[in-house]
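Asker: Kindly return the folded structure for what I paste below:
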Amino acid sequence: MAELKIKADSGGGTVSLKGPSTTTSNAAVQLTLPVDDGTANQYLKTDGSGALSWATVDTSIADNAITNAKLADDAVGVAELSATGTASSSTYLRGDNAWATTGEATLKAWAAFDGDGDVNATLTGGNITSLTDNGTGNYTITFDTDFADDNYMMNGNQSTQGHLGFYSEATILAGSCRIGTLNDAGSYNDTFRVSVGFWR
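Answerer: The predicted model follows:
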């Protein structure tokens, strides 16, 4: 018999169980049904030896079970990551599931002026409120928006031989910075062009 047909208990219609056209190696396959009707949303599971039982779908995912090949493009959005911090174009997701900024410093303020004339008349820059000429080769730059603290980097150049640097440790402040321009002999000197930037 290739098919077992069962009539409905009442009314019309039948339910059929149909055997395959052939079994593997023409074996006599025997399936043993479960002892009850299971619970909602369970499925019929085999032990590989013909014994059937009801089982519940396991929705948990083991660590490292999902690979790139199993995910469609853009399948996981930022909202599903449940990370701390704020996601933006300038942050990245760390291994501890927190958004963080990169270690690269960003230019926060800059100034360019003629040091041997009227410094304010020639001043151009960004995030600079004022520039004070304290004397020969000695200038104080006041920031429009203060740094969080005095832990920032400064770099610049002048048009004559020599170097530019911090005036003193005490004058490196969150809201302003005093710089000096020196010649090769180590003396403060005015130079016709000074350019300086501040990074954090």
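
Asker: okay, now the closest residue in space to residue 111 that isn't next to it in sequence: neighbour count?
Answerer: Using CB to CB, 6 or more residues apart in numbering and skipping residues adjacent in sequence, the residue nearest residue 111 is residue 125, 3.7 Å away. C-beta coordinates here come from the backbone N, C-alpha and C atoms, glycine included. Number of residues near residue 125 (other CB atoms under 10 Å) recorded here: 18.

Asker: And residue 7, by the same measure?
Answerer: For residue 7, using other CB under 10 Å, the count is 10.

Asker: now it, which residues is it bridged with?
Answerer: Beta-bridge partners recorded for residue 7 (DSSP bridges): residue 14.

Asker: Numbering from 312 from now on, please.
Answerer: I'll keep to 312 as the first residue from here, and by that count the last item is residue 318.

Asker: Surely it and residue 327 touch.
Answerer: No. Using CB atoms under 8 Å, residue 318 makes no contact with residue 327, being 10.4 Å away.

Asker: which neighbours do those two share?
Answerer: Shared contacts of residue 318 and residue 327 (CB atoms under 8 Å, 6 or more residues apart in numbering): none.

Asker: quick one on the thing from earlier: now the residue nearest to residue 422: how far from residue 506?
Answerer: 9 Å (CB to CB, to the nearest Å).
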